[in-house]
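Student: no sequence for this one, just the structure:
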């Protein structure tokens, strides 16, 4: 289940920027509109989960239903020949897909006796699925080669995702029963669904700074999702999608190192390393090329593990520690809404605007300037965080909690 869930996402999302630019001739603002559908899906997902999945139907059945609808929409995306046709289908698809990320977790957790120990060994198969999708695109089917892209073969990624969606949709109905978590008749408020009760955490100055930084750091993150594959393709790098899987391999490795780093250096230094890594990777992208300096691009891709794990996973751990038992779920939901919802939405539009500003022609961009803008934003967020976040206060509170 987890393998197929992320195989589907990795099958088309990584190469989406290249497809939009090369096949649909979309400009930066149009690409931003398409990528922003992920954010709208993330914003709407809690309502689907909170109002339907948690109250009326088994999670595995909703998972199957959403993926089967998704397969139909994905097939329509495969058949679309211009932006106007494509956009409604991708918007509808993301509304269907984003809730499934929570549903696969629900199905998994329901089968576990000790989720904290068992979940990581299950979730890692999602990352493997994403990696395999990228390797298939580059090394098995060669859909992202210059010749294939020029012939319009990159749209086959949507067909691959469609077939995988049908497979997971059918398979989901065979999964162990995961009944609704809310007792019939129990009232669920709007604030419960969105995790708004966790807003009380923002009264803590350090958590507020982290919260704001989480939203802002999503702006450079959006540059990567929206532009990286198109950037590598325009530079002429061979098998760009397959090589981008180095980032997911790195993610797995640094996820294993994170607990050691976190316990030894603390939250502030860990998350700061993640921010600095964003600025460094984009600087490497700005000055690297597909020839003698290709190693700079590969190192930039490999930094994804530090960029993602050291900031976002560390942030989830920090949020969990601050929320307490009462607000744990609400706090994680709030952070997800702030980052993948608001943060990424802002980020995609900024990335689209900057891409249009430095577009040289229909087939080229001034990538050095684009990536340096992203690096500058990441560096500015890092400076803001290091100046305003009070680690001494955090350490004092932690010591007080340990003593009590």
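Tutor: On my side now, so go ahead. This structure is a prediction, so every number in the text was calculated from the model and none was measured.
Student: would you agree residue 209 is in contact with residue 389?
Tutor: Yes: between residue 209 and residue 389 there is a contact under CB atoms under 8 Å: 5.1 Å. C-beta here means a position set from N, CA and C on the backbone, and glycine is covered the same way.
Student: which one's more surrounded, these two?
Tutor: The neighbour comparison of residue 209 against residue 389 (other CB atoms under 10 Å) goes to residue 389, with 20 against 17.
Student: ok, the more buried one - contacts?
Tutor: Shown in contact with residue 389 (CB atoms under 8 Å, 6 or more residues apart in numbering): 206, 209-210, 213, 268.
Student: what's the pLDDT at it?
Tutor: For residue 389, the pLDDT comes out at 93.
Student: next one: residue 324
Tutor: pLDDT, residue 324: 69.
Student: follow-up on the earlier one: let's have the contacts of residue 389 in a markdown table, adding distance to residue 37, secondary structure and pLDDT.
Tutor: Shown next, in a markdown table, are these (distance: CB to CB, whole Å; DSSP: H, G, I helix; E, B strand; the rest coil; pLDDT from 0 to 100):
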| residue | distance to residue 37 | secondary structure | pLDDT |
| --- | --- | --- | --- |
| 206 | 33 | helix | 92 |
| 209 | 30 | helix | 94 |
| 210 | 27 | helix | 93 |
| 213 | 25 | helix | 95 |
| 268 | 34 | helix | 91 |
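Student: which one (most neighbours) among the residues you listed?
Tutor: Among those, the one with the most neighbours (other CB under 10 Å) is residue 210, at 24 neighbours.
Student: and the gap between that one and residue 264?
Tutor: To residue 264, residue 210 is 20 Å away according to CB to CB, to the nearest Å.
Student: nearest residue to residue 216 other than its sequence neighbours?
Tutor: residue 381 (4.6 Å; CB to CB, 6 or more residues apart in numbering).
Student: helix, strand, or coil at that neighbour?
Tutor: helix (DSSP: H, G, I helix; E, B strand; the rest coil).
Student: and residue 101, how close does it get to residue 9?
Tutor: Relative to residue 9, and taking CB to CB, residue 101 is found at 9 Å.
Student: neighbour count: those two, which is higher?
Tutor: Regarding residue 101 and residue 9, a neighbour count based on other CB under 10 Å identifies residue 9 as having more, with 21 against 18.
Student: can you tell me how far the more buried one sits from residue 130?
Tutor: Distance of residue 9 to residue 130, computed by CB to CB: 7 Å.
Student: from the centroid of the chain, which residue is nearest?
Tutor: residue 340 (7.1 Å; CA atoms, centre = their mean).
Student: what's the following helix or strand after the host helix or strand of residue 96?
Tutor: Using DSSP states H and E, residue 96 maps to helix 83-110. As assigned by DSSP H and E, the chain's next helix or strand after helix 83-110 is helix 115-135.
Student: what's that next one packed up against?
Tutor: Judged by 3 or more CB pairs under 8 Å, 6 or more residues apart in numbering; DSSP states H and E, the packing partners of helix 115-135 are helix 2-12, helix 83-110, helix 240-287.
Student: buried residues in the helix or strand just after it, which are they?
Tutor: Moving toward the C-terminus from helix 115-135, the next helix or strand (DSSP H and E) is helix 146-150. In terms of neighbour count (16 or more other CB atoms under 10 Å), helix 146-150 has its buried residues at residue 149.
Student: now do helix 146-150: distance to the chain's middle.
Tutor: Relative to its parent chain, helix 146-150 has a centroid offset of 27 Å by CA atoms, centre = their mean, to the nearest Å.
Student: tell me the mean pLDDT for the next helix or strand after it?
Tutor: Counting by DSSP H and E, the next helix or strand C-terminal to helix 146-150 is helix 156-172. Across helix 156-172, the average pLDDT comes to 98.
Student: burial of residue 366, as a residue count?
Tutor: For residue 366, using other CB under 10 Å, the count is 14.
Student: now do the one 4 residues further on
Tutor: Neighbourhood size, residue 370 [other CB under 10 Å]: 23.
Student: wait, residue 302 sits on residue 248?
Tutor: No: using CB under 8 Å, residue 302 is not in contact with residue 248; the gap is 10.4 Å.
Student: the more surrounded of these two?
Tutor: Ranked by neighbour count (other CB under 10 Å), residue 302 and residue 248 place residue 248 first, with 25 against 20.
Student: wait, what's in contact with the more buried one?
Tutor: Listed by CB under 8 Å, 6+ apart, the contact set of residue 248 reads 127, 130-131, 134, 304.
Student: adding pLDDT and neighbour count, write those residues out as a markdown table.
Tutor: Below are the contacts of residue 248 laid out as a markdown table (pLDDT from 0 to 100; neighbours: other CB atoms under 10 Å):
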| residue | pLDDT | neighbour count |
| --- | --- | --- |
| 127 | 90 | 19 |
| 130 | 96 | 25 |
| 131 | 95 | 22 |
| 134 | 96 | 27 |
| 304 | 94 | 23 |
